[in-house]
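Participant: Structure of the sequence below:
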Amino acid sequence: MGSLIRSGLGWGGSLTGVLLFVALWEWGSLSYGSFLLPGPRDALSSLVGFADNGELWTAVWATTWRAMTGFAIAALAGVALGLIAGLSHTVGRALEPVSTVLLGIPPIAWIVLALLWFGSGSLAAIYTVVATTIPVAFAGAQIGARTLDHRLQEMGDVFRVPFAMRLWDFYLPHIVSYIFPALITALGVAWKVTVMAELFATEDGVGAGMAMARVSLDTAGAMAWIVVVVVLLLVAEHGFLRPLQKKMEPWRQVKGPAMPG
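Facilitator: As a prediction, the model looks like this:
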């Protein structure tokens, strides 16, 4: 009973934030006009129109597939390389400059290179996502592996703790606490970069829809596509990464006082 009440309070706080944002959005639309800043109702009307003609679902699927494919590749490769770099000083010194260079290159530069190398299409968008998000995953995993508490390792040696137990109880909790914040950041970058790449490199997806809205001066349509991107990001984060983080980090779940029920 207590957990249900706490869950309800959490959703209530999130809903309050959403309602506050919608209210500010409506105020801005009334202040600056619907052409410069279409209101929530205008965006919703355009969104319904996109759904009726089937454009919405095609775009959502295309963008989701590109963003999540690029994110998955970057997460796997970045975490693996980051762990190796964090555990090996030699590898870390060799890979850190590469990671710094990748972080310093703006996404638009990667998009231009992807267009030159792969032409227009999904591959260019996926490659851009990988190139821009892999340094973020790499940095999180490297810091997590590098900051392992050596006293725990020494204690494990003294008490002859099996390696499997050390990995699960000593090393993994610490490393995961650095990896997940990095992956959540990388996920946000992946969605933004995917939409940016679709503006230039594809004929479908949310980014392509925004490009068409720009050409036709459809500001309500552009706002509708922005809402779609935000919703997709929230679904991916709170529907996938956050639940996975809770399973991997059960010690972080703060329990409030027991409530009668």
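Participant: Show the backbone phi and psi for residue 53.
Facilitator: Listed backbone geometry of residue 53 is phi -90, psi 10, with angles given as degrees, to the nearest 10.
Participant: What pLDDT does the model give it?
Facilitator: Model confidence at residue 53, expressed as pLDDT, equals 88.
Participant: how about the strands in the stretch 51-200 of the chain?
Facilitator: Remark: strands of the stretch 51-200 of the chain are absent; assignment by DSSP state E, counting those that start in this stretch.
Participant: which residues of it score low on pLDDT?
Facilitator: By pLDDT under 70, the weakly predicted segments of the stretch 51-200 of the chain are 149-150, 152-170.
Participant: one more time with 50, if that's ok
Facilitator: Counting by pLDDT under 50, the stretch 51-200 of the chain shows no low-confidence range.
Participant: Which residue ranges of it form helices?
Facilitator: If DSSP state H, counting those that start in this stretch is used as the criterion, the helices of the stretch 51-200 of the chain fall at 55-87, 89-104, 107-118, 122-146, 150-158, 163-165, 172-201.
Participant: deepest of those helices, which one?
Facilitator: helix 122-146 (a mean of 24; mean count of other C-beta atoms under 10 Å). Heads up, the C-betas are built off the backbone N, CA and C, glycines and all.
Participant: Could you report the neighbour count for residue 47?
Facilitator: With neighbours defined by other C-beta atoms under 10 Å, the count for residue 47 comes to 19.
Participant: now swap in residue 19 and tell me
Facilitator: Other residues within reach of residue 19, judged by other C-beta under 10 Å, total 10.
Participant: May I ask which helix or strand encompasses it?
Facilitator: helix 2-32 (DSSP states H and E).
Participant: mean confidence score for that helix?
Facilitator: 66.
Participant: Start the count at 816 instead of 1 going forward.
Facilitator: Noted, 816 is the first residue going forward, which turns the last one into helix 817-847.
Participant: What residues does residue 954 make contact with?
Facilitator: Applying C-beta atoms under 8 Å, 6 or more residues apart in numbering to residue 954 gives the contacts 897, 914, 997.
Participant: now swap in residue 834 and tell me
Facilitator: The neighbours of residue 834, taking C-beta under 8 Å, 6+ apart as the test, come to nothing; the list is empty.
Participant: Relative to residue 840, how far out is it?
Facilitator: In this view, residue 834 and residue 840 are 11 Å apart by C-beta to C-beta, to the nearest Å.
Participant: Assign a three-state SS to residue 849, would you?
Facilitator: Reduced to three states with DSSP: H, G, I helix; E, B strand; the rest coil, the structure at residue 849 is coil.
Participant: swap in residue 1032?
Facilitator: With three-state DSSP as the criterion, residue 1032 reads coil.
Participant: one step back: which one, of the helices of the stretch 866-1015 of the chain, ends up nearest to residue 1043?
Facilitator: Comparing the helices of the stretch 866-1015 of the chain against residue 1043 with C-beta to C-beta, the closest turns out to be helix 870-902 (6.6 Å).
Participant: Show me what that closest one packs onto, helices and strands only.
Facilitator: Under the contact criterion of 3 or more C-beta pairs under 8 Å, 6 or more residues apart in numbering; DSSP states H and E, the helices and strands touching helix 870-902 comprise helix 855-867, helix 904-919, helix 937-961, helix 987-1016, helix 1021-1030, helix 1034-1051.
Participant: Sweet, I'm off.
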